[in-house]
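1. coordinates only, sequence not included:
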DNA sequence: CTTTAGTATCAAACCGTTTCGATATGACCC
DNA sequence: GGGTCATATCGAAACGGTTTGATACTAAAG
């Protein structure tokens, strides 16, 4: 690979002149500039960003940590952020946690060793030890989707509480009283918020939540499937099922179908998050969608502000809470008589 | 950020000793090693990979170029490759082409400036100019999924020709004669192979392909939808539709539904690639699946061999062609009488 | 007691850049 | 002719590491 020295030799100037000419930082005669550019083309020079970064003390790399690359939510998040960054020389180092919270620390440490300029992450862990770690990290971090309690970091999410609340209100308006809720692990920030939204709406409607109607399925379609099989086989079954993410909604629908029930005639199902191909899933599931593009836009904007060291209220954490959108499909109907 | 100098000062040794101790490359007394390690912890030292890479002349970064991060195929490909790499210090710089072939060169150049150790990519372009560029690139490249004609690079894919062939054979066995094919842009390597597989199977069965039954929909669900609307509205309509990717199969199914036809009673539909949530799409679409895990495993293995400079047949391109798998759903049936 | 050999440590050179301070050149003015 | 000022160029010092060759010390061998 050609270095700046090769260019200098080829153009008959010193390496400092090459640097000045190429970066436009300093007076260079028109003639020299032309000679340098010719030399660059001749020896096929492309500046070594690692060396530039080392010298400048800042890198053009942004770390991105995804909870689960398989989930289309993260694919779209990455795609949109990547698009925002194109135009700058920044690129994304992407790491996948594969839903393993224990990989989180190792991944962050590795990103730090790579001296990324910043980190955009959808955290999995939410414990004081992790919060302490994040508060002592010395690169800008923007959290997306999920918060870490006690961490003083920019945070972009959608109103998860409001999301389940909207769905529950919708089901209640349809006349449902016996609504089952399939949630995630309550240790997760998002799962907790969603559960709270459900409970708030139920309380608001003066409805009792039966304990066995509130189950945790860990965001997995398989677990949700089993829970729904059990719920729907009991004598006192729910008339509506609210699943706290897209995977679990699919699992619930499958279980309902397999038991011979029809949705929405026998039981209503509602989910959260975009179900890819939702237009073709029969019946189309009623969901609350997160505005992924908005989340991505704000996250990358805030990140670049931090990276460029622009005037940002020092030490102050910013939050952006986007409004989710109720998308009514065909999976919900009034409860059977 | 603490540097190796801080560690040296804190431990009361020279920086070279710290380096030798930390990398285990050279004799260091047990006592010194302990002091160095204590100092590392005390000043929170984490080695600057950019500096290490610069000095060692090799980087721990692998570039990954995706055709379209929104498509779950790429999400799973990335996830699996990332998993293969975990354990080494290597990380992936991921770039998304967003289906724009014209971003390809810029992206590759940027990756080169970052001095990645290698590039795993699913190319979009397939023209001589691009092949020439790739042949002169000076980092190891492994192509995945799609080939670039005339490029001497490792290439991992699945047998796209065989895939459509299998699906066509299956439809023919069911008794179909009038089969429509919805393909992608023929300039794309994969699209061409898939079309050829279809034609080969049709020829083998001594079946004529009517020109208007062979359409290109550019891998988009919307275009496929329109084409199918047109095809199914004509007096002489096909009894089966073979769509050359997952998006288009969904579009076709939607069109068939919207026209009031039933699948598979009135018309059979077959697709290619995993349809996420395929288990819930009604009817479950018969597809040919690519073994993504296998592709990812071979691609990352070959990449790491090149990166480590292991004995690889010099200048020789390797190819791995994985066998696709026919997954029979409920979207195909014998043609109506 | 001098060699020899091995062990532990260090100083200095280097990787490919940027940047600062110095130098050379010419133009301009008094 | 001497001083001032831009303008163009360059040498050298960093950035944070690794690696090589030299050095000092100790112990064993002759």
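-> Nice, thanks for sending it over. These numbers come from a predicted model, not from an experiment.
2. CA atoms for contacts and neighbours, from now on please.
-> Noted.
3. Where do the helices of the stretch 1-150 of chain A begin and end?
-> A:4-11, A:15-23, A:30-43, A:49-56, A:72-85, A:104-113, A:128-136 (DSSP state H, counting those that start in this stretch).
4. same check, this time on the stretch 201-337 of chain A
-> All helices of the stretch 201-337 of chain A, identified by DSSP H, counting those that start in this stretch, fall at A:221-233, A:246-258, A:292-307.
5. what does the second one contact?
-> What that stands for is helix A:246-258. With contact meaning CA atoms under 8 Å, 6 or more residues apart in numbering or on different chains, helix A:246-258 is reached by A:182, A:217, A:219-226, A:228-229, A:232, A:241-243, A:262-263, A:269-275, B:277, B:280.
6. What of stretch A:180-192?
-> By CA under 8 Å, 6+ apart, the list of residues contacting stretch A:180-192 reads A:124-126, A:145-148, A:160, A:194-195, A:198, A:209, A:213-219, A:224, A:238-245, A:248.
7. Tabulate the helices of the stretch 1-150 of chain A (a markdown table), appending mean neighbour count.
-> Putting the helices of the stretch 1-150 of chain A into a markdown table (neighbours: other CA atoms under 10 Å in any protein chain shown) gives the following:
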| stretch | mean neighbour count |
| --- | --- |
| helix A:4-11 | 19 |
| helix A:15-23 | 17 |
| helix A:30-43 | 16 |
| helix A:49-56 | 16 |
| helix A:72-85 | 21 |
| helix A:104-113 | 18 |
| helix A:128-136 | 15 |
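8. Export those to JSON lines and append columns for mean pLDDT and distance to DNA strand D.
-> Shown next, in JSON lines, are the helices of the stretch 1-150 of chain A (pLDDT from 0 to 100; distance: least, CA to the nearest atom of the strand, whole Å):
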{"stretch": "helix A:4-11", "mean pLDDT": "96", "distance to DNA strand D": "8"}
{"stretch": "helix A:15-23", "mean pLDDT": "96", "distance to DNA strand D": "5"}
{"stretch": "helix A:30-43", "mean pLDDT": "95", "distance to DNA strand D": "5"}
{"stretch": "helix A:49-56", "mean pLDDT": "95", "distance to DNA strand D": "3"}
{"stretch": "helix A:72-85", "mean pLDDT": "91", "distance to DNA strand D": "25"}
{"stretch": "helix A:104-113", "mean pLDDT": "96", "distance to DNA strand D": "9"}
{"stretch": "helix A:128-136", "mean pLDDT": "96", "distance to DNA strand D": "18"}
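9. how close does the residue nearest to residue A:218 when sequence neighbours are not counted get to DNA strand D?
-> Of all residues not flanking residue A:218 in the chain, residue A:184 sits nearest, at 4.2 Å (CA to CA, 6 or more residues apart in numbering or on different chains). Counting by CA to the nearest atom of the strand, to the nearest Å, the gap from residue A:184 to DNA strand D is 41 Å.
10. The helix or strand of chain A with the lowest mean pLDDT: how far from the chain's middle?
-> Counting by mean pLDDT, DSSP states H and E, chain A has its least confident helix or strand at helix A:246-258, which shows a mean of 84. Distance of helix A:246-258 from its chain centroid, counting by CA atoms, centre = their mean, to the nearest Å, is 23 Å.
11. got the contact list for the closest residue to DNA strand C within the stretch 151-300 of chain A?
-> Residue nearest to DNA strand C within the stretch 151-300 of chain A: residue A:300 (24.4 Å; CA to the nearest atom of the strand). By CA under 8 Å, 6+ apart, the residues touching residue A:300 are A:81, A:84-85, A:120.
12. how about JSON lines for these, with distance to residue B:35 added?
-> Formatted as JSON lines, the contacts of residue A:300 follow (distance: CA to CA, whole Å):
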{"residue": "A:81", "distance to residue B:35": "44"}
{"residue": "A:84", "distance to residue B:35": "46"}
{"residue": "A:85", "distance to residue B:35": "43"}
{"residue": "A:120", "distance to residue B:35": "35"}
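13. List just the nearest of the residues you listed to residue A:41.
-> Nearest to residue A:41 out of those is residue A:85 (CA to CA; 26.8 Å).
14. The closest one touches residue A:91, doesn't it?
-> Yes - applying CA atoms under 8 Å as the test, residue A:85 and residue A:91 come out as touching, 7.1 Å apart.
15. re earlier: which of the contacts of helix A:246-258 are buried, as a PyMOL select command?
-> Buried members of these, defined by 16 or more other CA atoms under 10 Å in any protein chain shown, are picked up in PyMOL with:
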select buried, (chain A and resi 182+217+219+220+221+222+223+224+225+228+229+232+241+242+243+263+269+270+271+272+273+274+275) or (chain B and resi 277+280)
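16. State the distance from the residue nearest to residue A:218 to residue A:162.
-> Per CA to CA, to the nearest Å, residue A:184 is found 17 Å from residue A:162.
17. Residue in chain A with the shortest distance to chain B?
-> Taking CA to the nearest CA, chain B has its nearest neighbour within chain A at residue A:93, 4.2 Å off.
18. Contact partners for that residue?
-> A:61-64, B:91-94.
19. Restrict these to those that also contact DNA strand D, please.
-> By CA under 7 Å from any atom of the strand, no member of the contacts of residue A:93 lies near DNA strand D.
20. possible to save those as JSON lines with pLDDT?
-> Shown next, in JSON lines, are those (pLDDT from 0 to 100):
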{"residue": "A:61", "pLDDT": "96"}
{"residue": "A:62", "pLDDT": "97"}
{"residue": "A:63", "pLDDT": "98"}
{"residue": "A:64", "pLDDT": "98"}
{"residue": "B:91", "pLDDT": "96"}
{"residue": "B:92", "pLDDT": "98"}
{"residue": "B:93", "pLDDT": "98"}
{"residue": "B:94", "pLDDT": "97"}
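21. ok, the residues you listed vs residue A:74, which is closest?
-> Distances from residue A:74 to these, taken as CA to CA, are shortest for residue A:64 (10.5 Å).
22. Torsion angles phi and psi at residue A:157?
-> phi -160, psi 180 (degrees, to the nearest 10).
23. Pretty sure it sits against residue A:297.
-> No - if you go by CA under 8 Å, residue A:157 and residue A:297 don't touch, sitting 11.5 Å apart.
24. So for the two, which residue has more residues nearby?
-> Higher neighbour count among residue A:157 and residue A:297: residue A:157, with 26 against 19, using other CA atoms under 10 Å in any protein chain shown.
25. Next, the contact list for that one, please.
-> For residue A:157, the contact set (CA under 8 Å, 6+ apart) comprises A:144-146, A:295, A:319-322.
26. excluding its backbone neighbours, what's nearest it?
-> Closest residue to residue A:157 apart from its sequence neighbours, by CA to CA, 6+ apart: residue A:145 at 4.3 Å.
27. All set, thanks.
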